[in-house]
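Undergrad: With the input below, show me the fold.
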Amino acid sequence: MPMHAIDDQHFDHDLATIRIKNLRLRTHIGIKEEEIKNRQDVIINVVIRYHADKAVVFNHIEQALNYRTITKEVIAHVEGNRFLLLERMTREVLDLIMGHEPVLTAQVEIDKPHALRFADSVSITLSASREPRRNA
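TA: This is a model prediction of the structure:
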């Protein structure tokens, strides 16, 4: 399939997209007795957008959104808690990410493998955004 040219007006040159792909964790998720007793696999995918202009110019970690810190927080939260519903877990992870002030938008998808007999997984996706920053 050919790629279509996108003119410059469609790009925000300092807006970075961070993708955390297939973060595999184990947690208590579900309402059935065996789900309550035993940890299950979940797969988390995250898309985060933030203004990276200072990180690009200064090339210092202090100017960037630290995705390692965010990932560690997600791991601790998911593995350290129990969830009845996938929706609740997804919302809590999204809220945790949005708690980082530089994050403009975030989307979280959490898959629960083998939740249905004939499906690879079931997933829930939620997203959030802040008001766009205004230039003074």
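Undergrad: if I've got this straight, Ile36 is in a helix?
TA: Yes - with DSSP: H, G, I helix; E, B strand; the rest coil as the criterion, Ile36 is part of a helix.
Undergrad: This structure: helices as residue ranges?
TA: Using DSSP state H, the helices of the chain run over 33-37, 53-58, 67-79, 86-98.
Undergrad: what residue is smack in the middle of the protein?
TA: Val46 (2.5 Å; C-alpha atoms, centre = their mean).
Undergrad: Cross-check the contact I'm expecting between it and Arg19.
TA: Yes - the pair Val46 and Arg19 passes the contact test of C-beta atoms under 8 Å, sitting 7.1 Å apart. The way it works is simple: take the backbone N, C-alpha and C, and place the C-beta from them, glycine included.
Undergrad: Most tightly packed of the helices of the chain?
TA: helix 86-98 (a mean of 18; mean count of other C-beta atoms under 10 Å).
Undergrad: quick one: average confidence on that helix?
TA: Mean pLDDT, computed over helix 86-98, is 97.
Undergrad: try stretch 113-132
TA: For stretch 113-132, the mean per-residue pLDDT is 89.
Undergrad: ok, and for it, which residues are buried?
TA: Ala115, Ser123, Ile124, Leu126 (16 or more other C-beta atoms under 10 Å).
Undergrad: how close does the spatially closest residue to the first one that is not a sequence neighbour get to Phe58?
TA: Distances taken as C-beta to C-beta, 6 or more residues apart in numbering put Val122 closest to Ala115, at 4.1 Å, once the chain neighbours are dropped. Between Val122 and Phe58 the computed distance is 43 Å (C-beta to C-beta, to the nearest Å).
Undergrad: cool, and Leu96?
TA: For Leu96, the distance to Phe58 (C-beta to C-beta) stands at 27 Å.
Undergrad: likewise Leu85?
TA: Counting by C-beta to C-beta - Leu85 and Phe58 are separated by 42 Å.
Undergrad: likewise Ala119?
TA: As it turns out, when the distance is counted by C-beta to C-beta, Ala119 lies 46 Å from Phe58.
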